[in-house]
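J.: have a look; sequence and predicted model below, questions after that.
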Amino acid sequence: MPHSIQNFSILCIPCTKPGCNHWFKNKSGYTQHTNAVHPLLSAAPLHAESSQSTSTPSPIFNGDVDPIQSDGADEEDHSEIPRSFNRYISFRFSILYLIHSIFKGRPCDPEGNFLSPGALPLPLSEKSRDDWTPYRDRLEFELADYIFTKNQTTAAQIDHLLDLWAASLIWAGADSSQVLFTDHCDVYRTIDNTPLGDIKWRLFSVKYTGGIPDEGPTPWMTESYDVWFRDPHQVVRNMLANPDYAVEVNLTLPRRQWHDFMSGNWAWNQADQIAEDPDTHGSTFVPVILGSDKTTVSVATGQNDYYPLYASIGNVRNNVRCANHGALAVVGFLAMPKTTKQHAKTAIFHRFHRQLFHSSLSFILQNLKPGMTKPEVVHFGDGHYRHVIYGLGPYITDYEEQVLLACIVRSWCAKSVLAASSLYQIKFHYRCTSNSKALDDDNLLRSRVHTDTLIEECDHGMLWDEYGIIAQLVPFTNDYPRADIHELIVPDLIHQIIKGAFKDHLVAWVSVPAFSGLRRFPQGCNFKQWTGDDSKALMKVYLLALESYVTMDIIHAFRTLLEFCYLVRHNIITETSLKEIDDAVACFHRYHEIFKDADVILTFSLPQQHLIKHYNTLIRLFGAPNGLCLSIMKSKHIKAVKEPWRRSSHYKALGQMLVTNQRLDKLTALHQDFYACGMFDGTCLTSVLAALNTQAPREHDDTGQHEPPVLSPPREDENKDFDIIDDPTSVLAHVELAKTPQGTKCARSIPELSTELNVPNLADLVRWFLFEQSNPEDPHDPTEVPLLDDLSGIGGMQREHTRACPLWRNECMCNDCVFVITNSNTHGMQGMDVACHGRRIPCAVVRWFNQVGNVPDPDTGMWLRSYSRVTDPKGFGLSSYAVPLS
């Protein structure tokens with residue numbers, strides 16, 4: 001039914017709250033004002049400060065948390081209204097280079113005075129090399145770090161270990177008091193005394209204060225909901241001061257290709273706005289990236305699901321953020337209101353649940369707000385101080401929470417996109433308002449200004465039906481400068497593309513066998529619990545498995561979607577890559593019509609597939625999507641949520657989990673400080689032996705040096721890091737012998753191995769290989785002493801774990817394929833050879849595959865290979881080579 005036309009020219013609805021004189025044109029404006037200025041949520045009485053208990057530790061509260069308040073989201077900030085378009089374009093292009101010069105992160109002193117170019121930074125720490133406070137020495141620190149961080153030893157096991165240590169000292173005739181710790185309480189007490197990394201957890205509680213139904217309040221209306229958090233402002237400052245990745249921080253705004261977050265247009269647009277204030281010149285812009293994702297720690301009874309909130313900074317490079325190397329931290333645990341099934345689907349409960357989410361975020365982030373308009377001086381990991389300006393960056397989450405963040409109706413689009421005109425791409429950001437029934441149509445684009453105007457002019461029914469807007473909700477970004485929630489929502493590769501569009505859509509739409517026997521899927525791919533790794537593994541093999549079962553249009557649909565997936569997962573994206581992405585999207589939209597023609601699906605109005613349209617724009621805004629993927633948050637779940645939960649008593653576990661996280665942060669911060677001071681030279685054993693050698697008196701000063709101590713060989717896991725070798729003919733691979741002997745049935749000599757591998761000239765291959773390795777500068781003619789060229793260079797490949805085993809897991813033979821760069825001047829597969837091989841240290845016997853044609857297969861887009869015959873220096877035909885490994 002069409003909505004009636006209303007007269008919005010007069011203010012006819014007053015605010016009924018005491019002391020408020022606002023008037024509104026319609027009910028939507030009144031509702032928005034009420035939720036922003038007079039919220040239905042109020043803070044419950046604060047908990048008193050708690051002391052830690054030996055049985056059930058609880059976090060330390062500051063007790064300085066104020067009730068949730070709004071700073072007037074309904075008041076229009078005229079300073080953010082964009083200038084006229086023509087004037088902006090002139091401004092943008094006339095000082096484009098100047099903006100780069102302004103935001104270059106100039107060093108300053110602790111008082112904020114800029115230093116002259118080339119000034120050296122202050123020392124990261126002034127402590128002496130033997131100051132291990134609060135520990136007595138390195139041995140005590142490393143023991144505590146091993147017990148609590150690496151081994152995650154329980155309290156009872158710590159006590160048992162320390163008892164054994166004391167017993168060994170007594171047996172050796174030493175004083176048992178020399179044991180480093182007396183019990184687990186002593187270990188925990190020492191960790192808690194660490195001054196670094198001490199960001200205390202705080203708590204505020206929220207209750208519903210809205211209208212009560214005539215029949216009485218429902219259970220959820222009378223309950224109090226706890227939200228735990230720690231100051232994200234201090235968390236961000238600690239990230240900036242982290243010396244571990246000081247060289248991996250972008251202080252300026254690079255813009256040649258799209259790779260790290262700061263290379264995107266969004267950071268530049270923010271810099272344009274910030275640069276209008278002269279006081280910000282010379283500062284570093286620090287975007288605060290947020291993310292949240294619910295997780296379940298156990299399927300047992302009780303509350304075993306948690307809602308962590310994570311924070312990172314956009315200045316660190318994507319590889320640092322993906323590795324969770326201190327650049328991603330948990331800053332809160334959000335409340336998850338629950339009620340009976342009878343009341344769970346009511347509109348008032350849904351509104352309360354959603355507004356609780358936004359109000360909690362607004363309150364948690366409030367300490368960052370002053371630094372978003374006025375620069376503050378922050379210590380960086382390279383030792384320098386710099387002025388910084390904060391800003392709310394992208395929010396990483398899946399589609400369900402994107403709906404919650406954007407305050408829209410489910411099945412509507414909440415993604416960011418720029419206007420079609422390239423000129424508008426510079427400044428004006430809008431969001432897609434695609435209807436849930438026509439997501440693939442071109443529609444209007446969302447923005448905060450657009451949404452506020454609609455709320456002011458339209459009633460609730462029209463907003464819900466025509467625009468997918470929930471008028472009663474106020475996004476948390478409305479409380480912060482330069483923040484538009486529709487702009488800050490970023491794509492989620494793992495859930496929306498890999499598990500969504502590929503696995504949940506295309507794979508589910510195709511009726512084919514389960515393909516049992518595929519590697520990683522020995523029982524087929526029809527199982528319930530899928531992980532992201534399972535979906536990625538299926539992407540590698542599913543296309544070739546389908547080829548003989550479905551039509552070419554379906555093959556092409558899979559191929560183009562896979563091409564899109566692999567292109568957007570590149571670490572560096574260029575203009576050429578963006579054109580390839582657009583081509584893949586256009587081809588996918590053309591070929592996937594086969595599913596509608598075959599009546600497999602009635603419509604393509606699916607959010608997961610619709611957002612594919614926006615990737616070009618979002619890459620330009622935020623850089624390579626690899627650095628903003630939800631899988632980064634999910635990997636952090638293990639260290640921040642699941643492992644601390646397993647270490648708890650499972651009774652009121654959250655308090656214990658927070659204490660565990662706090663202790664882990666302290667150990668990490670102290671480890672970084674010791675490392676920056678150069679206190680981790682050698683191993684703990686070598687440092688103790690060196691200290692004893694310097695203290696021991698010399699009986700004969702005129703004699704030779706003391707014999708060096710005989711040290712035990714390093715453990716297996718101490719040599720897991722490899723240096724990157726730029727030599728294009730070197731092999732950088734992880735090689736180790738099988739841990740399980742292959743038995744007496746396998747070859748144990750060169751002739752037997754030659755027969756087993758069906759390589760008749762294996763003895764010659766080994767002889768040539770050994771001669772080359774032993775005589776690298778031998779002048780003999782290769783025709784007289786046949787040598788093999790080193791074809792094993794793998795250039796850009798950094799680490800490769802390959803398997804060559806005649807009986808893998810007691811089931812079948814497993815010989816992995818390797819890609820070998822044989823022509824570094826040729827791009828892609830044309831400059832590579834493929835081999836299937838088995839390995840013996842330090843060489844590998846490989847069987848070469850020959851390339852079929854000079855282009856990929858036109859249907860699958862994959863390169864075809866077949867067994868090849870290679871010619872040795874004497875002209876004999878060979879299908880195998882022995883190649884060196886380093």
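T.: Good, I have the coordinates.
J.: poorly predicted segments of the stretch 101-250 of the chain, please.
T.: For the stretch 101-250 of the chain, the stretches with pLDDT under 70 are 101-102, 176.
J.: mind listing the strands for it?
T.: 107-108, 202-208, 224-229 (DSSP state E, counting those that start in this stretch).
J.: dump the second one to CSV, restricted to CA.
T.: To tie it back to what came earlier, the one meant is strand 202-208. Output of strand 202-208 as CSV, limited to C-alpha atoms (Å, rounded to 0.1, in the frame of the first residue of the first chain):
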residue,chain,number,x,y,z
ARG,A,202,36.9,-1.9,33.9
LEU,A,203,33.2,-2.7,34.1
PHE,A,204,30.0,-0.9,33.5
SER,A,205,26.5,-2.3,33.7
VAL,A,206,23.5,-1.2,31.7
LYS,A,207,19.8,-1.6,32.4
TYR,A,208,16.7,-0.9,30.4
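J.: now residue 555. Nearest residue, chain neighbours left out?
T.: Leaving aside its chain neighbours, residue 555 sits nearest to residue 859 (5.4 Å; criterion: Cβ to Cβ, 6 or more residues apart in numbering). Every residue, glycine included, has its C-beta placed from N, CA and C.
J.: for that neighbour, list the residues it contacts.
T.: 547, 552, 555-556, 559 (Cβ atoms under 8 Å, 6 or more residues apart in numbering).
J.: taking these one by one, which sit in helices?
T.: 552, 555-556, 559 (DSSP state H).
J.: please pick the buried ones from these.
T.: Using 16 or more other Cβ atoms under 10 Å as the burial test, those include 555-556, 559 as buried.
J.: include distance to residue 227 when you put these into TSV, please.
T.: Output for those, formatted as TSV (distance: Cβ to Cβ, whole Å):
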residue	distance to residue 227
555	50
556	49
559	47
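J.: relative to residue 769, which of these is nearest.
T.: For these, the minimum distance to residue 769 (Cβ to Cβ) is 40.0 Å, reached by residue 559.
J.: does that closest one touch residue 861 like I think?
T.: Yes. If you go by Cβ atoms under 8 Å, residue 559 and residue 861 touch, sitting 4.6 Å apart.
J.: wait, what's in contact with the closest residue to residue 582 other than its chain neighbours?
T.: Distances taken as Cβ to Cβ, 6+ apart put residue 616 closest to residue 582, at 5.8 Å, once the chain neighbours are dropped. By Cβ under 8 Å, 6+ apart, residue 616 lies in contact with 578, 581-582, 585.
J.: go again with 10 Å.
T.: Counting by Cβ atoms under 10 Å, 6 or more residues apart in numbering, residue 616 touches 417-418, 568, 573, 577-579, 581-582, 585.
J.: worst-scoring helix or strand of this structure, pLDDT-wise?
T.: In the chain, no helix or strand scores lower on mean pLDDT, DSSP states H and E than helix 85-94, which sits at a mean of 27.
J.: just the helices in the stretch 551-700 of the chain please.
T.: 552-568, 575-591, 593-597, 607-610, 615-622, 630-637, 643-647, 653-676, 684-695 (DSSP state H, counting those that start in this stretch).
J.: JSON lines please, covering these and showing distance to residue 155 and mean pLDDT.
T.: Below are the helices of the stretch 551-700 of the chain laid out as JSON lines (distance: least, Cβ to Cβ, whole Å; pLDDT from 0 to 100):
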{"stretch": "helix 552-568", "distance to residue 155": "46", "mean pLDDT": "90"}
{"stretch": "helix 575-591", "distance to residue 155": "53", "mean pLDDT": "91"}
{"stretch": "helix 593-597", "distance to residue 155": "57", "mean pLDDT": "86"}
{"stretch": "helix 607-610", "distance to residue 155": "46", "mean pLDDT": "78"}
{"stretch": "helix 615-622", "distance to residue 155": "44", "mean pLDDT": "89"}
{"stretch": "helix 630-637", "distance to residue 155": "24", "mean pLDDT": "88"}
{"stretch": "helix 643-647", "distance to residue 155": "9", "mean pLDDT": "92"}
{"stretch": "helix 653-676", "distance to residue 155": "11", "mean pLDDT": "92"}
{"stretch": "helix 684-695", "distance to residue 155": "24", "mean pLDDT": "81"}
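J.: make CSV from the ones you listed and add distance to residue 156 to it.
T.: Output for those, formatted as CSV (distance: least, Cβ to Cβ, whole Å):
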stretch, distance to residue 156
helix 552-568, 48
helix 575-591, 55
helix 593-597, 58
helix 607-610, 47
helix 615-622, 48
helix 630-637, 26
helix 643-647, 12
helix 653-676, 15
helix 684-695, 25
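J.: before we move on, what SS does residue 404 have?
T.: helix (DSSP: H, G, I helix; E, B strand; the rest coil).
J.: for it, give me the pLDDT.
T.: Here the pLDDT value assigned to residue 404 is 92.
J.: next one: it from residue 353, what distance?
T.: 9 Å (Cβ to Cβ, to the nearest Å).
J.: out of the helices of the stretch 551-700 of the chain, the one nearest residue 183 is which?
T.: Among the helices of the stretch 551-700 of the chain, if distance is taken as Cβ to Cβ, the winner is helix 653-676, at 16.1 Å.
J.: C-alpha coordinates for that closest one, CSV please?
T.: Taking Å, rounded to 0.1, in the frame of the first residue of the first chain, the C-alpha atoms of helix 653-676 are listed here in CSV:
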residue,chain,number,x,y,z
ALA,A,653,35.1,-17.8,33.8
LEU,A,654,35.2,-14.3,32.3
GLY,A,655,36.9,-12.7,35.3
GLN,A,656,39.6,-15.3,35.2
MET,A,657,40.0,-14.9,31.4
LEU,A,658,40.5,-11.2,31.8
VAL,A,659,43.2,-11.7,34.4
THR,A,660,44.9,-14.2,32.1
ASN,A,661,44.9,-11.8,29.2
GLN,A,662,46.3,-9.1,31.4
ARG,A,663,49.2,-11.3,32.6
LEU,A,664,49.9,-12.3,29.1
ASP,A,665,50.1,-8.7,28.0
LYS,A,666,52.5,-7.9,30.9
LEU,A,667,54.8,-10.7,30.0
THR,A,668,54.8,-9.7,26.3
ALA,A,669,55.5,-6.0,27.1
LEU,A,670,58.3,-7.0,29.4
HIS,A,671,59.8,-9.3,26.8
GLN,A,672,59.7,-6.5,24.3
ASP,A,673,61.4,-4.1,26.7
PHE,A,674,64.2,-6.6,27.6
TYR,A,675,64.7,-7.3,23.9
ALA,A,676,65.0,-3.6,23.0
